[in-house]
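K.L.:
Take this sequence and fold it.
(chains A and B)
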Amino acid sequence: MKRGKRRYLALRLDCEGTLAEREFIDAVWTAVTKLYGEVGASLTGLALIDFDEEHNVAVLRVSLAALNILRASLATITSIGGKESTVHVLGVSGTLKALYAHAK
Amino acid sequence: MTRTFADLHLRINPKDQQATQQLISKAARFGYRLISIPFTSKLSEKELTQLKTMCSEAGVDFVSRADFHPRSENELIHFLRKFRRRFEVICVTCDSKEVARQAAKDRRVDLLNFPSLDYHKRFFDRAEAELASCSLAALEVDVKPLLILEGPPRVRLLTSLRRELAIAREFRVPIVVSSGVAEERLMRLPRDLASLAFLFGVDEAQALDAVSTNPAAIVRRNREKLSNRFVAPGITVIKEGKPS
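P.N.:
Numbers count the residues shown, from 1 in each chain, chains lettered A, B, ... in the order given. Next up, the predicted model:
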């Protein structure tokens, strides 16, 4: 079976202090599940690729078909791990190489 | 093509200068080029000038806007007569059907807004859309309630918005997506703001237009109308002759 197309998203987390990787991915899953339900969330193919605690930057992978679902869900996040936070999408790319090149 | 992103509804209290300054700087950093803060009757000309200066220092274009909540048709007409030529954007929050219909057919109204939480007061139906499409009024959607509501209230709001946006598309009524926020933490990047429009069935191109092309077109049209050279739509004074 042919693998579906994917997209990588570079994210910046705006919050006071630092966040744990677990707290961040839990907040993303909660947002997707709240908005689209468990069936919708299962279609996203969501995975955390990279998380930089120091700079509050993360990279997520998502299936191309669910890109809009994820973007809308990320925009609704207002708190992570009990701290007021915002997630901004810095860039979207088809390959990690291009995403990192764009981020630099 | 580079888009000019706009947020025409930042609900700041201009009297709180520090918060205003922070929000304007953040808007500039996020890439907004046009921002608007609704005018209250208590705001003096001096404060308005200060706001404009703050915006120009931050590199954003300030758009003067007035929001009305008229209780009757006559009150709306009175407001428009008094304020239309003083503001670049006029928004009417429709609390009754009578006001909604009058606002939709009046060419002096730029934006139609409806209460987010009272679903019985969302009067944007087919008749309203038909009137709005003739008068060039746009439907404004604030995303703040989508960020702060959860569960059934958000579901009900999304249902209403999806129905209204489908009607707006059918009648070619422009859509303007604004933040409607007062706090910094609820501000979103322009493309993130647009992505919230996916939730109520707007595709990517239309969502981006709703935060860039549509609001920018309203501002451009009104600035042209408010300029001294404007005579009528399509007619402007290019050169004045000398009296003989």
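
K.L.:
B:Leu147 and B:Gly31, how far apart?
P.N.:
19 Å (CB to CB, to the nearest Å). (C-beta placed from N, C-alpha, C; glycine too.)

K.L.:
And for residue 67, the neighbour number?
P.N.:
Since no chain was named, I'll use chain A. Residues within reach of A:Leu67, counting by other CB atoms under 10 Å in any protein chain shown, total 19.

K.L.:
actually it's chain B I care about, not the one you picked
P.N.:
If you count neighbours by other CB under 10 Å, B:Asp67 ends up with 19.

K.L.:
helix or strand for it, which one?
P.N.:
strand B:61-68 (DSSP states H and E).

K.L.:
which outside residues touch that strand?
P.N.:
The contact list for strand B:61-68, computed with CB atoms under 8 Å, 6 or more residues apart in numbering or on different chains, reads B:6, B:8-9, B:33-39, B:48, B:51-52, B:55-56, B:76, B:79, B:83, B:86-93, B:113, B:219.

K.L.:
how about 7 Å then?
P.N.:
B:8, B:33-39, B:48, B:51-52, B:55, B:76, B:79, B:83, B:87-93, B:219 (CB atoms under 7 Å, 6 or more residues apart in numbering or on different chains).

K.L.:
if we can go back for a sec, so B:Leu147 and B:Gly31 - more neighbours on which side?
P.N.:
Comparing B:Leu147 with B:Gly31 by other CB under 10 Å, the one with more neighbours is B:Leu147, at 21 against 14.

K.L.:
Pull the strand holding B:Asp67 out as PDB, backbone CA atoms only.
P.N.:
The C-alpha coordinates for strand B:61-68 follow below in PDB (Å, rounded to 0.1, in the frame of the first residue of the first chain):
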ATOM      1  CA  ASP B  61      -1.700  51.300   9.400                       C
ATOM      2  CA  PHE B  62      -4.400  52.400  11.900                       C
ATOM      3  CA  VAL B  63      -8.000  52.300  10.600                       C
ATOM      4  CA  SER B  64     -10.600  54.300  12.500                       C
ATOM      5  CA  ARG B  65     -13.700  52.200  13.200                       C
ATOM      6  CA  ALA B  66     -17.000  52.800  15.000                       C
ATOM      7  CA  ASP B  67     -19.200  50.000  16.400                       C
ATOM      8  CA  PHE B  68     -22.900  50.700  16.900                       C
END
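
K.L.:
Can you mark which positions in the helix or strand following that strand are buried?
P.N.:
Where DSSP H and E defines the elements, the next helix or strand beyond strand B:61-68 is helix B:73-83. Across helix B:73-83, burial judged by 16 or more other CB atoms under 10 Å in any protein chain shown covers B:73, B:76, B:79-80.

K.L.:
Could you tell me which ranges of chain B sit under the pLDDT cut-off?
P.N.:
Flagging of chain B using pLDDT under 70 yields the residue ranges B:1, B:40-43, B:244.

K.L.:
What parts of it come near chain A?
P.N.:
Residues of chain B lying close to chain A (CB under 7 Å from any CB of the partner chain) are B:146-147, B:185-186, B:188-189, B:191-192, B:195-196, B:198-199.

K.L.:
before we move on, back to that, distance to B:Val63 added to the buried residues of helix B:73-83, as a markdown table?
P.N.:
Listed next are the buried residues of helix B:73-83 as a markdown table, based on distance: CB to CB, whole Å:
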| residue | distance to B:Val63 |
| --- | --- |
| B:Glu73 | 27 |
| B:Leu76 | 21 |
| B:Phe79 | 18 |
| B:Leu80 | 18 |
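
K.L.:
secondary structure element for the residue of chain B with the smallest separation from chain A?
P.N.:
Residue nearest to chain A within chain B: B:Ser195 (3.8 Å; CB to the nearest CB). For B:Ser195, the element it lies in under DSSP H and E is helix B:190-196.

K.L.:
now B:Ala205
P.N.:
Counting by DSSP H and E, B:Ala205 is found in helix B:204-211.

K.L.:
Give me the contact list for that helix.
P.N.:
Contacts for helix B:204-211 (CB under 7 Å, 6+ apart): B:3, B:5-6, B:175-177, B:190, B:193-195, B:197-198, B:202.

K.L.:
what does stretch A:88-104 give?
P.N.:
For stretch A:88-104, contacts defined as CB under 7 Å, 6+ apart pick out A:7-12, A:14, A:49, A:59, A:71, A:74, B:189, B:191-192.

K.L.:
what do you get if the cut-off is 10 Å, keeping everything else the same?
P.N.:
Contact with stretch A:88-104 is made by A:5-14, A:49-50, A:57-62, A:64, A:67, A:70-71, A:74-75, B:30, B:187-189, B:191-192, B:195, as judged by CB atoms under 10 Å, 6 or more residues apart in numbering or on different chains.

K.L.:
just how off-centre is it within its chain?
P.N.:
Mean-position distance between stretch A:88-104 and its chain equals 13 Å (CA atoms, centre = their mean, to the nearest Å).

K.L.:
Now do it, average pLDDT.
P.N.:
Mean per-residue pLDDT for stretch A:88-104: 89.

K.L.:
Now do the buried residues in that stretch.
P.N.:
Along stretch A:88-104, these residues count as buried under the neighbour rule (16+ other CB under 10 Å): A:88-89, A:91-93, A:99.
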